[in-house]
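Engineer: Sequence plus the predicted model coming up.
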Amino acid sequence: MKITYYGHACFGLNVAGKNLLFDPYVTHNELAKHIDVNTIPADYIFLSHGHEDHVADAFDIAKRTNAVIVSNYEIAVWFNKKGIEKYHPMNHGGKWKFKFGTVKYVAAVHTSSMPDGTYGGNPGGFVVETAEGNVYYSGDTALTMDMQLIPLTSAKLDVALLPIGDNFTMGADDAILASDFVKCNKIIGLHYDTFGFIKINHEEAKQKFAAKGKELLLLNIGETIELN
Ligand code: NI
Ligand code: MN
């Protein structure tokens, strides 16, 4: 499995020949100006919640790639009403077997409204289980006890993608506890640096994780790593 960081909370997973894209927000991200959104591949677009900084590029990418939008019921239907034909609605606790593996939509503690103010259901995260590795993408969330359910109900995680920017989501200290809850010591940070409220000190965050025997990876925008 390959993991590419497109900035903010946006990641691409390349697995089993499919491209899974999470929370695309590239065009309006000042830090991602060097990324050409028109080259980002997608067979599936997973949306954790309805906020602008997670869905802004989803419509255009779905139109260009004919990708399936996968999200909670309200968000998936909102995109369908806007003209996206291929969509897959899910809801909390539900699992679906896709061609590349299994995805479960899990709880997040945050809010969710669409950019036009429409109700966006409740926010969530995704646990992706594949033959090439298992990934938890939490989306925007606070630290929550529900995370303890993930290792009880899913295969052992290889990596957890967690917010570390604080203010709107968990910060690094709570993300360390979250990584305990989900029983995964390899973390890729998301939702940091993009706006003034979430600028962080990278070295300090990495050292906090290292002090607990954990690895925090902060990818460069545009960087791809191989998960192993
Ligand atoms: Ni949000
Ligand atoms: Mn956000």
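Structural biologist: Okay, I see it. Ligands and ions are numbered 1, 2, ... in the order given.
Engineer: Any figure for the gap between the residue nearest to residue 159 when sequence neighbours are not counted and ligand 2?
Structural biologist: Among residues not flanking residue 159 along the chain, residue 186 sits closest, at 4.8 Å (Cβ to Cβ, 6 or more residues apart in numbering). C-betas here are computed from N, CA, C, even on glycine. Plainly put, residue 186 is 23 Å away from ligand 2 if you go by Cβ to the ion, to the nearest Å.
Engineer: wait, isn't residue 222 in contact with residue 10?
Structural biologist: No - assessed by Cβ atoms under 8 Å, residue 222 is found out of contact with residue 10, at 11.0 Å.
Engineer: returning to what we had before: contacting residues around the residue nearest to residue 159?
Structural biologist: 158, 159, 160, 214, 215, 217 (Cβ atoms under 8 Å, 6 or more residues apart in numbering).
Engineer: Contacts only, for residue 46.
Structural biologist: 20, 21, 22, 23, 70, 71, 103, 126, 137.
Engineer: Now for the last one: which residues touch it?
Structural biologist: For residue 137, the contacting residues are 11, 22, 46, 48, 125, 126, 127, 128, 161, taking Cβ under 8 Å, 6+ apart as the criterion.
Engineer: Give the burial count for the first one, as a bare number.
Structural biologist: The reference is to residue 11. 22 (other Cβ atoms under 10 Å).
Engineer: If we ignore the residues flanking it in sequence, what's nearest it?
Structural biologist: residue 22 is the one closest to residue 11 (Cβ to Cβ, 6+ apart), at 4.8 Å.
Engineer: From ligand 2, how far off is residue 165?
Structural biologist: 9 Å.
Engineer: Quick one: name the residues of the chain near ligand 1.
Structural biologist: 51, 140 (Cβ under 5 Å from the ion).
Engineer: coming back round to it: between the contacts of residue 186, which is closest to residue 108?
Structural biologist: Closest to residue 108 out of the contacts of residue 186 is residue 160 (13.0 Å), distances taken as Cβ to Cβ.
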